[in-house]
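**Q** coordinates for the following, if possible.
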Amino acid sequence: MKKIVLKGRKVVGGYAEGEALVSRQEISGFGSMSTEKGLVSEPNHEIRGIPLKDKILVFPSTKGSAGFTYVFFRMKPLGIGPKGAIIRRMNSTSGWGFVFGNVPSVTDLDQDPLEVIATGDYIKLYADKGIVEVTKKA
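**A** The predicted model follows:
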């Protein structure tokens, strides 16, 4: 199996591993995500209806207001959020969402994660070190 190692910057420390769920579309909060089901509910979104639980969420950035922060904060105690996150472009909304949701996360990678990682790839995320190990799915 082919392995790729990406290096970036820690957002929230910790370790997570699991299957990647990749979105090429930005993700919002209020009205776009279900805090009861832990999924994107925005109409026409490419990952609409796919549970985030136990996934490593890979996406370009957030859009909109602080709703993303609230959604990640609400998902944490319910155990329905992603195990980790890899974000191409960090902003305060996504940063606070990861902090309040205690989601190990990285940004500013040396390669574009949306070009390297595909849904179904297996990810080991060493957020404290800013390291992402990608095992490509067969």
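
**Q** alpha carbons of the longest strand along the chain, in CSV - could you do that?
**A** Across the chain, the longest stretch assigned as strand under DSSP state E is strand 15-22. The C-alpha coordinates for strand 15-22 follow below in CSV (Å, rounded to 0.1, in the frame of the first residue of the first chain):
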residue,chain,number,x,y,z
TYR,A,15,-3.7,11.9,17.8
ALA,A,16,-6.5,10.6,15.6
GLU,A,17,-6.7,7.9,13.0
GLY,A,18,-9.5,6.7,10.7
GLU,A,19,-10.9,6.9,7.2
ALA,A,20,-10.8,10.2,5.4
LEU,A,21,-13.9,12.0,4.4
VAL,A,22,-13.0,14.6,1.8
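
**Q** mind listing what's buried in that strand?
**A** For strand 15-22, burial by neighbour count (16 or more other Cβ atoms under 10 Å) applies to 16-18, 20-22. Just so you know, the C-beta spots here come from the backbone N, C-alpha and C atoms, and that holds for glycine as well.

**Q** need the nearest residue in space to S32, chain neighbours excluded.
**A** If the residues on either side of it in the chain are set aside, S32 comes closest to E42, at 3.9 Å by Cβ to Cβ, 6 or more residues apart in numbering.

**Q** how close does that neighbour get to S28?
**A** For E42, the distance to S28 (Cβ to Cβ, to the nearest Å) stands at 7 Å.
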